[in-house]
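Participant: any chance you could fold what I've pasted below:
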Amino acid sequence: MSLRVLDLFSGIGAYALGLERAGMRIAAFCEIEKYPRRVLRRHWPNVPIYDDVRTLDAATLRRDGIAVDVVCGGWPCQDLSPAGTGAGLDGARSGLWVEIARILGDVRPRWAVLENSSNLLGINGGADFGRVLGDMAALGFDVEWHCLPAAAFDAPHIRDRL
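Facilitator: The predicted structure follows:
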């Protein structure tokens, strides 16, 4: 049986495509923007799409008959990125980290695959990354992380991702 994935902050499904190619099955998406939801619907017509990470919870997934083994997501980086506001996890957009942590605690998947700007490692003196690690530990996850440059995947730029 393949692992079932809940894809948060789905965009147009790049993570979903990669995870499917790795043998996983997408159980549901969550994406707030209309255009990406239309793209998701076109490519995954039978996969449920929820529209707001702030209202998605385990009860909703259970009601809809959705069980997940993996939660994946790359939450907004505008407050973390070197080109962003510098507000860190206290920013309005990057602060949506709390919703990932809430969903992980509510859904209790076996695995989580998360991505963001590598600047998360050092913003606010590293306190924000410490907060992510602390939240994950409190939820019972053992965390490993790596920085991968886009150039490692043949992109013509560095753009490290964590």
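Participant: which parts of this structure are helices?
Facilitator: Here the chain has its helices, by DSSP state H, at 14-21, 34-43, 58-63, 97-107, 127-138.
Participant: between those helices, which gets nearest to G74?
Facilitator: Among those, the nearest to G74 by CB to CB is helix 14-21 (6.9 Å). Bear in mind the C-beta positions are built from the backbone N, C-alpha and C, glycine included.
Participant: could you give the angle of that closest one to helix 34-43?
Facilitator: Counting by axes from the mean of the first three to the mean of the last three CA atoms, to 10 degrees, helix 14-21 points 20 degrees away from the direction of helix 34-43.
Participant: strands of the chain, start to end?
Facilitator: Using DSSP state E, the strands assigned to the chain run over residues 4-8, 25-30, 49-50, 70-73, 111-114.
Participant: which of the ones you listed sits most buried?
Facilitator: Mean neighbour count, computed with mean count of other CB atoms under 10 Å, is highest for strand 4-8 among the strands of the chain, reaching a mean of 25.
Participant: that older thread, quick one: which of the strands of the chain is nearest L120?
Facilitator: strand 111-114 (10.0 Å).
Participant: output the contacting helices and strands for the closest one.
Facilitator: When contacts are defined as 3 or more CB pairs under 8 Å, 6 or more residues apart in numbering; DSSP states H and E, strand 111-114 packs onto strand 70-73, helix 97-107.
Participant: so what strands line up beside it?
Facilitator: Here strand 111-114 is paired, per DSSP bridges, with strand 70-73 (parallel).
Participant: excluding its own residues, what touches the strand it pairs with? List them.
Facilitator: 3-9, 15, 19, 24, 100, 103-104, 107, 109-115 (CB atoms under 8 Å, 6 or more residues apart in numbering).
Participant: list the buried residues in stretch 88-96.
Facilitator: Neighbour counts over stretch 88-96 (16 or more other CB atoms under 10 Å) mark 88-89, 91, 94-96 as buried.
Participant: and if you look at stretch 153-162?
Facilitator: Neighbour-count burial for stretch 153-162 flags 161-162 (criterion: 16+ other CB under 10 Å).
Participant: how close does L61 sit to A152?
Facilitator: Note on L61: its distance to A152, by CB to CB, to the nearest Å, is 34 Å.
Participant: got it, and F9?
Facilitator: Counting by CB to CB, the gap from F9 to A152 is 22 Å.
Participant: what does G122 give?
Facilitator: Distance from G122 to A152, by CB to CB: 21 Å.
Participant: go on, E33?
Facilitator: Distance of E33 to A152, given as CB to CB: 28 Å.
Participant: alright, I will stop here.
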